[in-house]
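S.K.: Could you work out the structure for the sequence below:
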Amino acid sequence: MADSTASYELPPLPPYALHLRPPLIAPIPDKYLTLILPVVAYWGLSMIFHWIDTRDWFPQHRLHTPAEVLKRNHVSRWEVLRDVMIQQVIQTAFGIGLAWFEPIEYYGKEEHDVAVWAQRIRLAQRALPMVLTAVGVNASALASRLAGSYPTIAGALAGGQYPWLQKVITVQGQTTIVPAFASWELLVAQALYWALIPALQFTVAILVVDTWQYFWHRAMHMNKWLYSKFSAIFEKL
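M.R.: Model prediction:
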């Protein structure tokens, strides 16, 4: 028979076991594979465009005619090849330096991390009655009216109170009844963990990289020395 307990104000976090994540392509560690793939992709796509250029395919889709390219670009293919390789050696060496300090990657904690976000969502609901009161809405009365037809909404309006949501767990050999998450809390937590947070991180990373590239490119066009030494090469990349 399960023993009820009041020691859990929030649904408890599930246990987890960490496992070493195998590399995508053995035996290359993923942190080094991320340095290799951009170089492979660059040269693969470059060879495709070089093939199209040398055979004059799809001339109607060119941004500049061959005559304009020859007139504006005074950099040889060898100079472009040399400088691209130098750039890639530098960026790969820098990436290896950063990868050296990266911790070993494990998996198995994902469900636990989703539950952490679900707990945060449950805690955030505690502010909902105060917010509603501040705008003139009686949260307690509204929750009482909705309790019969929409219990989940009523629980959220009451500050995240879901007394009917429970589950049974075993802690140190003792069976215990503990609070459980609402299905919508887990869905929102999963969306945050698997989609929204990674999308935000990716967006910030793109903004940082694109901002740096924009101002670096702008500086090359505004500074005569940079333009004459580097910009023509980069524009042919």
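S.K.: How much space separates the residue nearest to Y107 when sequence neighbours are not counted from K167?
M.R.: Excluding the flanking residues, the one nearest Y107 by C-beta to C-beta, 6 or more residues apart in numbering is R21, at 4.8 Å. Placement of C-beta: from N, CA and C, glycine included. For R21, the distance to K167 equals 30 Å [C-beta to C-beta, to the nearest Å].
S.K.: what do you get for T176?
M.R.: For T176, the distance to K167 - C-beta to C-beta - is 10 Å.
S.K.: ok, residues contacting the strand or helix carrying S46?
M.R.: Counting by DSSP states H and E, the element that carries S46 is helix 30-54. In this structure, residues lying in contact with helix 30-54 by C-beta atoms under 8 Å, 6 or more residues apart in numbering are 21, 23-25, 28, 57-58, 84, 88, 92, 95-96, 99, 102, 105.
S.K.: would you list every one of the helices in the chain?
M.R.: For the chain, applying DSSP state H gives helices covering 30-54, 66-72, 77-100, 110-124, 128-134, 139-146, 151-157, 183-191, 197-222, 224-226, 232-235.
S.K.: Return the fifth one as CSV; C-alpha atoms alone will do.
M.R.: Taking C-alpha atoms only, helix 128-134 is exported to CSV below (Å, rounded to 0.1, in the frame of the first residue of the first chain):
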residue,chain,number,x,y,z
LEU,A,128,-0.1,33.9,-12.2
PRO,A,129,-2.6,34.8,-9.4
MET,A,130,-0.6,37.9,-8.5
VAL,A,131,-0.4,39.0,-12.2
LEU,A,132,-4.2,38.5,-12.6
THR,A,133,-4.9,40.3,-9.4
ALA,A,134,-2.7,43.2,-10.6
